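>>> Compute the structure for the input listed below.
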Amino acid sequence: MSPKFFDPQTLARIRSFRLRAGRLAEGLASGMHRSRRKGTSIEFAEHREYAPGDDLRYVDWKAYARTDRLFVKQYEDETNLFVWIALDASRSMAYRHPDSPLTKFEYGQCLAASLAWLALQKQDSVSATTFDSRVRMHVRPGSSGSHWNQIVDALDASPTDEKTSLAPALHDAAERMGRRGLVVAIGDFFDDLEATLAGLKQLRARRHRVAILHVLDPAELEFPFDVPTLFRDLELSGETQVDPVSLRAAYREEIDRFRRELAEAARHWGMEYYLMTTTEPIDGALAQFLARHERLST
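Below is the predicted model of the structure:
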């Protein structure tokens, strides 16, 4: 795939998100082959591990006799996935350091649009949501060729003036999800960690797979400021004049702790965690996610 389609610097020169999304789809189409359509079939496709509540009629007892583990047979028409993409549209996602090409929200938009396009090429059913302290826009699941345009329309917005409150937004959205699938949550996750994990664990309790795409500006990790600076809290609207040099070590320690705790808690609860920065080419970020996700799916 040509880097010109996925480089954040190139994408930043395209002001319209719809045009950015079209450029990303063009790049994905040029670099990936369309998967064959599974459609409706009674052909055996694969096994997956048994989960409480699965229909016992589909347990492969011969496999159990060989391995002493319970597996369920899946057929071709059952292997299509339901993918729900949830994008944080809260105030803090509007941040962009002057050296960064895209805001966190713009980068998240590109990730969401690309993942939706890829899923639809596999004939998966895709739903998309934007949220802050509540659901802002929601696109019902669909797998038609025109469904991607509906998702792009929903994503084509600016960050709201609200702070992040992930738990109630996820609770609201989870009520709309009628079948199990893969939930991809994209955001900076600048919220109370326990509340955030409570919302994500609710999805796991409903037996969804959950992937966290943690999007940060490199400056939020490195804290490169070296002169007295006025910092504005985008979530709480406060302002503080500080000497960043004296705070750098403590800040880095705190952001590392926050990121580590989120990652460790996510993995403890069986979720996937990926750190992505807004200067990273979109294809590289996607490759990191998709490669590991495929390994965990097999």
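>>> contacts for the helix or strand A185 falls within?
Here A185 sits within strand 182-187, counting by DSSP states H and E. If you take C-beta atoms under 8 Å, 6 or more residues apart in numbering as the criterion, strand 182-187 is touched by 81-88, 90, 93, 104, 108, 111-112, 115, 164, 166, 170, 200, 203, 208-215. Placement of C-beta: from N, CA and C, glycine included.
>>> again with stretch 144-155
Residues outside stretch 144-155 that contact it (C-beta under 8 Å, 6+ apart): 17-18, 21, 25, 85, 87, 109, 112-113, 116-117, 120, 126, 128-130, 137-139, 142.
>>> now do 6 Å
By C-beta atoms under 6 Å, 6 or more residues apart in numbering, the list of residues contacting stretch 144-155 from outside reads R18, A21, Q109, A112, A113, A116, W117, L120, A128, M137, V139.
>>> for the first one, phi and psi?
Spelled out, it's R18. Torsion angles at R18 (phi, psi; degrees, to the nearest 10) stand at phi -60, psi -40.
>>> Give the full set of residues in contact with it.
Contact analysis of R18 by C-beta under 6 Å, 6+ apart lists V152, D156.
>>> any idea how far it is from V152?
6 Å (C-beta to C-beta, to the nearest Å).
>>> Check the fifth one too.
Counting by C-beta to C-beta, the gap between A113 and V152 amounts to 6 Å.
>>> Mutual contacts of these two, please.
Overlap of the contact sets of A113 and V152 (by C-beta under 6 Å, 6+ apart) consists of A21.
>>> Specify the beta-bridge partners of L216.
T277 (DSSP bridges).
>>> Would you quantify the distance from it to A29?
To A29, L216 is 29 Å away according to C-beta to C-beta.
>>> Over to A287?
For A287, the distance to A29 - C-beta to C-beta - is 16 Å.
>>> and what of S90?
Distance, S90 to A29, using C-beta to C-beta: 32 Å.
>>> Give me the more crowded residue out of the two.
Higher neighbour count among S90 and A29: S90, with 28 against 14, using other C-beta atoms under 10 Å.
>>> Good, we can wrap up now.
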